[in-house]
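Enquirer: the following block contains a protein sequence and its predicted model.
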Amino acid sequence: MLKPLSSDRWNSETAAHLLNRAGFGGPPAEIQKLAALDHDKAVSSFLDYEKIPDPTPNPSWDHPQPDRLEKLRLAIKNAATPQEAQTLRQQENQLQAQRINELRGWWLDRMAKGPRPFLEKMVLFWHGHFATSIEKVRQSPNSAYMMWRQNQSFRDYATGNWLEMLKVIGKDPAMLVWLDQAQSRKEHPNENFAREVMELFSLGEGHYTEHDITEAARALTGWSYSPLEQTFIFRPFFHDIGPKTIFGETGDFDGDDFLALIVKQPQAARFITAKIWNFFAGQMPSPPLNDALAEVFRSNGNNFKPMLRVMFRSEEFYDTSVIRNQVKSPTQWLVGSTRMLETDLPPPFLSSAMLRSLGQDLFAPPNVKGWDGGMSWITTNTLLTRYNDSVTIVQGTAQQMSPEDFARKQGGAGGQKLEKIAQRIHIGGVDAEKILTPEERMDKKLLVAAIEKRLLQTNLSGEQEKALNDFLEPKTKLADADVLQAIRLVMSTPDYQVA
C-alpha cells in the first residue's frame, strides 16, 4: 500500500491529474511545466506552499471593530423611533451582505489566481468539513468578519496538526454561534455541539455512546465568545468542574481535554484520512488503504502534510479508477474553467450567483453536514445551468438581470446605483488568439485536438466528438466566434463535468 508512483508513469496525464486534484487545473503549458519536474518535486511544488510568497491583501475589514459595533448598539438603543432603529439595523445588514459578497470574491480570486492553489483547495475541504453558514452567523454582530476569521483559520492550520485544528475551530466564534455552544452552561450543557464534533468532525456515527455525548457536553461548558470582540472566551462560572467519563476515561475534563481524548482514538485518524482521500481522489478508500493512510498520519504525530505527501506520491492516487472519475464541484468547475481558458472570473456578485444556482453557495452550506459532493452535484437543473453558464465564461456575456434580481443576488442591496451596474455589466470572455495558435484556429482537426487537450486532457467520447465535428464541418472558414462556440460545446458535454 502507498508505494510511490514509478517514474515511468509520471507524464503529462498524471501531471494533469495532480494539477486538477491538488489545485484547480490549468492550461497545457502549466501541465507541461509540472510534468517536466520529477514527481517528488512536482508534489512539493503544491505542498510546500509556505515557501511561495503570497502578497494577497486581506479585506479592509479584517478586524473585530468593537468601537464601531458599540456605537451602533448605542445608536439603535437611543433611536428616536422604532423606524429609525430598524433603519440602522437594515443598513448594518446590508453592509454585512456586501462584505460577504466581497469575501466570496476574495476567496475565489485566491483560488483562481493565487500562488498557492493547493492551500486554497485545502481551505475548500475544511470549509465543507466544518460546514458553517452565514445564514445563522449573520444574527451576530460583524458576521462577515467572523466568517473571514474562520476561513483564515482554515488557511493557517490547513496542513498542520489534527488536535490543533480541532481546538482552533472548536473555539471559533462563528462555529460557536453556528452550533449554539456560546450559551452552554453547567445547568444546561449543549449536547448538540458535543454530538456534532464527534459525529461529523472527528469520529463518525457509531464510534461514541450517548453517555460520551452527555459527558463531553459537560466538559465543553463555559466555551463562549465576546460579541463585541469576536474572540473566544472561557466563562469559568459556566463550566462544570465535576468528574466526567469519556471514552472510558475519567477526570475533571474540560473542552481541550475532550478534544485530546478524541484524537487518541484510532478511529479519529481513520475518519479524517478517509474524508481527505475521498475529497481528493473522488471515492472512499478501501479499508486496507484507509488503514495505511491512518498509520502514516498517526506515525507522523497526527500531522496532515506528511500524510498528504505520501498520498499524492502513491500509485493508488494515480490508479486508472481514480483519474477522471471525480464530478467537479461547482467551485472546481468555475475556477478550473477560468484557469484552463486563461480568462477572468466573472465579477464577485455574478460568480456567487452562479455557484449558488449550481448548488454550492460558499459560506452558506446547506446544513452542518456540508455538501454531499459526487453525483449530487449533477441534477437536470444544475447540468443545464452549467451549460448556460459556460456562455458567460466563454462569450463574456451574461443574461440581463432586472434590478430586483440583481439586488437579490447581491445579498439584499438595491437602488438606482445597482441598476446602473447591472445594465453595464461586462465580463472579459475568452481570447481565442491568446489560447490557440493561428494554425489551430484555421484547421478544424487541429482545433478539436487543441480544445480537447486544454479542457479535458484526453479525447471526447465518440458521440460527443462527432457532434463537435458536425458543428464545425459546414464552416468553410473558421471565425473566432466559431472557435468560441466550439469551446462552449465541449464545456456542455458530460465529459467536461469530470476531472
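Expert: Everything's here; your move.

Enquirer: show me the contacts for the closest residue to residue 207 other than its chain neighbours.
Expert: Nearest residue to residue 207, sequence neighbours excluded (CB to CB, 6 or more residues apart in numbering): residue 267, at 4.7 Å. Using the backbone N, CA and C atoms, a C-beta is placed for each residue, glycine as well. By CB atoms under 8 Å, 6 or more residues apart in numbering, residue 267 lies in contact with 203-204, 207.

Enquirer: now rank those residues by neighbours and give me the top one.
Expert: Highest neighbour count within the contacts of residue 267, by other CB atoms under 10 Å: residue 203, with 21 neighbours.

Enquirer: you'd agree that residue is up against residue 268?
Expert: Yes - look at residue 203 against residue 268 with CB atoms under 8 Å: they come within range, at 5.9 Å.

Enquirer: list the residues that contact both of the two?
Expert: residue 262.

Enquirer: give me the number of residues near residue 466?
Expert: 11.

Enquirer: return the member of the contacts of residue 267 nearest to residue 257.
Expert: residue 203 (16.0 Å; CB to CB).

Enquirer: the closest one and residue 245, how far apart?
Expert: 17 Å (CB to CB, to the nearest Å).

Enquirer: same deal with residue 341?
Expert: Taking CB to CB, one finds residue 341 at 58 Å from residue 245.

Enquirer: the more surrounded of those two?
Expert: Between residue 341 and residue 245, counted using other CB under 10 Å, residue 341 has the larger neighbour count: 23 against 13.

Enquirer: got a list of what that one touches?
Expert: Contacts of residue 341 (CB under 8 Å, 6+ apart): 27, 393-394, 430, 435, 454-455, 487.

Enquirer: out of the residues you listed, which are buried?
Expert: Buried by 16 or more other CB atoms under 10 Å: 27, 393-394, 430, 435, 454-455, 487, out of these.

Enquirer: can you mark which positions in stretch 240-259 are buried?
Expert: Buried, per 16+ other CB under 10 Å, within stretch 240-259: 240, 244, 246-247, 253-259.

Enquirer: want to throw these into JSON lines with secondary structure, pLDDT and distance to residue 232?
Expert: What follows is the buried residues of stretch 240-259, written out as JSON lines (DSSP: H, G, I helix; E, B strand; the rest coil; pLDDT from 0 to 100; distance: CB to CB, whole Å):
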{"residue": "240", "secondary structure": "coil", "pLDDT": "96", "distance to residue 232": "18"}
{"residue": "244", "secondary structure": "strand", "pLDDT": "97", "distance to residue 232": "21"}
{"residue": "246", "secondary structure": "strand", "pLDDT": "98", "distance to residue 232": "21"}
{"residue": "247", "secondary structure": "coil", "pLDDT": "98", "distance to residue 232": "24"}
{"residue": "253", "secondary structure": "coil", "pLDDT": "97", "distance to residue 232": "18"}
{"residue": "254", "secondary structure": "coil", "pLDDT": "97", "distance to residue 232": "13"}
{"residue": "255", "secondary structure": "helix", "pLDDT": "97", "distance to residue 232": "10"}
{"residue": "256", "secondary structure": "helix", "pLDDT": "98", "distance to residue 232": "12"}
{"residue": "257", "secondary structure": "helix", "pLDDT": "98", "distance to residue 232": "16"}
{"residue": "258", "secondary structure": "helix", "pLDDT": "98", "distance to residue 232": "15"}
{"residue": "259", "secondary structure": "helix", "pLDDT": "98", "distance to residue 232": "14"}
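
Enquirer: which ones among the buried ones among the contacts of residue 341 lie within strands?
Expert: If you go by DSSP state E, these have nothing in strands.

Enquirer: with distance to residue 493 and pLDDT added, can I get those in JSON lines?
Expert: Listed next are those as JSON lines, based on distance: CB to CB, whole Å; pLDDT from 0 to 100:
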{"residue": "27", "distance to residue 493": "19", "pLDDT": "97"}
{"residue": "393", "distance to residue 493": "15", "pLDDT": "94"}
{"residue": "394", "distance to residue 493": "14", "pLDDT": "94"}
{"residue": "430", "distance to residue 493": "17", "pLDDT": "95"}
{"residue": "435", "distance to residue 493": "18", "pLDDT": "97"}
{"residue": "454", "distance to residue 493": "14", "pLDDT": "97"}
{"residue": "455", "distance to residue 493": "9", "pLDDT": "98"}
{"residue": "487", "distance to residue 493": "11", "pLDDT": "97"}
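
Enquirer: would you turn the residues you listed into CSV with distance to residue 17?
Expert: As requested, the buried ones among the contacts of residue 341 are exported to CSV (distance: CB to CB, whole Å):
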residue, distance to residue 17
27, 15
393, 23
394, 24
430, 24
435, 21
454, 15
455, 15
487, 22
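
Enquirer: what are the contacting residues of stretch 469-479?
Expert: Taking CB under 8 Å, 6+ apart as the rule, stretch 469-479 contacts 441-442, 444, 447-448, 482, 485-486, 489.

Enquirer: how about residue 465: what's its closest non-neighbour residue?
Expert: Residue 465's closest residue in space is residue 459 (CB to CB, 6+ apart), at 6.5 Å.

Enquirer: my guess is that neighbour contacts residue 452, does it?
Expert: Yes - the pair residue 459 / residue 452 is scored as a contact, 5.6 Å apart, by CB under 8 Å.

Enquirer: quick check: neighbours shared by these two?
Expert: With CB under 8 Å, 6+ apart, residue 459 and residue 452 have common neighbours residue 465.

Enquirer: so where's the longest helix in the chain?
Expert: In the chain, taking DSSP state H as the definition, the longest helix is helix 82-113.

Enquirer: average pLDDT across the following helix or strand past it?
Expert: Next helix or strand after helix 82-113 toward the C-terminus (DSSP states H and E): helix 117-129. Helix 117-129 comes out with an average pLDDT of 98.

Enquirer: which strands and helices lie in contact with helix 117-129?
Expert: helix 12-22, helix 39-47, helix 82-113, helix 143-156, helix 266-281 (3 or more CB pairs under 8 Å, 6 or more residues apart in numbering; DSSP states H and E).

Enquirer: and the angle from it to helix 39-47?
Expert: 60 degrees (axes from the mean of the first three to the mean of the last three CA atoms, to 10 degrees).

Enquirer: for whichever helix or strand comes after helix 117-129, packing partners?
Expert: The C-terminal neighbour of helix 117-129 among helices and strands, as given by DSSP H and E, is helix 134-137. Under the contact criterion of 3+ CB pairs under 8 Å, 6+ apart, helix 134-137 touches helix 143-156, helix 173-178.

Enquirer: between these, which gets nearest to residue 319?
Expert: helix 143-156 (28.7 Å).

Enquirer: what comes into contact with the helix or strand following the closest one?
Expert: Once the chain leaves helix 143-156, the next helix or strand it forms, by DSSP H and E, is helix 162-170. Helix 162-170 is touched from outside by 126, 130, 150, 153-154, 156-157, 175, 197, 201-202, 223, 255-256, 259-260, 262-263, 268-269, 272, 297, 302-304, with contacts defined as CB under 8 Å, 6+ apart.

Enquirer: can you do 6 Å?
Expert: 130, 153, 157, 175, 259, 263, 302 (CB atoms under 6 Å, 6 or more residues apart in numbering).

Enquirer: which pair of the residues you listed spans the longest distance?
Expert: Greatest spatial distance among the contacts of helix 162-170 (CB to CB): 175 and 302, at 20.2 Å.
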